[in-house]
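Asker: mind looking at a prediction? Sequence and model below.
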Amino acid sequence: MKLVICDFNRTLYDPTTERLHPGALETLQYFRQHGAKVVILSTESAGRAALLERLGLTEYCEEIRFVHEKTKAVVLTLVDQYAVQPNEALLIGDDPEGELLIGRRLHLPTVAVGTGYCSPEIAMRMELPFYLSINDLTEMKL
């Protein structure tokens, strides 16, 4: 993969425990070390930028993109900005009605992470193209 677009809340970060999920840093580090551009995609929220900084995530990514709403247009803009083909961009997220649906509609390789709103059963019902459904980021076969 040349571009990895990764959701923040509930994919990398657990808002209940206020900690990163196991495997979050290792996953980002792996992709970065193997030449991928990593973008963390997050909805705008008060204090979110400071939180990502405090968690040390800024050193693992090219960009943190804060948006009012995650849309196909936002993801396509990132694909265009980083000059990659859709099949060269990996989308990682937990929301079946958010980033996972966007990945499906854009035919992007997509990883459904079960640490948030998406269970493996939900991902299977979505019939995501090129998808991998995992319980948490420690299951990424890197």
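Answerer: Done, it's in. Numbering: from 1, shown residues only.
Asker: now Leu20: how far from Met140?
Answerer: Look at Leu20 and Met140: by CB to CB, to the nearest Å, they are 14 Å apart. C-betas here are computed from N, CA, C, even on glycine.
Asker: now do the helices in this structure.
Answerer: 24-33, 48-54, 72-81, 99-106, 120-126 (DSSP state H).
Asker: tilt between the fourth one and helix 72-81?
Answerer: So the one you mean is helix 99-106. Relative orientation of helix 99-106 versus helix 72-81 (axes from the mean of the first three to the mean of the last three CA atoms, to 10 degrees): 70 degrees.
Asker: in this structure, which helix or strand is least confident?
Answerer: helix 120-126 (a mean of 60; mean pLDDT, DSSP states H and E).
Asker: residue contacts, Phe31?
Answerer: Shown in contact with Phe31 (CB atoms under 8 Å, 6 or more residues apart in numbering): 1, 4, 38, 90.
Asker: hey, what's the last one bridged with?
Answerer: Residues in a beta bridge with Leu90, per DSSP bridges, are Val4.
Asker: surely it meets Glu99?
Answerer: No. Applying CB atoms under 8 Å, one finds Leu90 not in contact with Glu99, separated by 11.3 Å.
Asker: more crowded one of those two?
Answerer: Glu99 (27 against 21; other CB atoms under 10 Å).
Asker: quick one: the nearest residue to Arg19 once chain neighbours are set aside from His21, how far?
Answerer: Nearest residue to Arg19 in three dimensions, chain neighbours excluded: Tyr13, at 7.4 Å (CB to CB, 6 or more residues apart in numbering). Distance, Tyr13 to His21, using CB to CB: 7 Å.
Asker: who has more neighbours, those two?
Answerer: Tyr13 (24 against 20).
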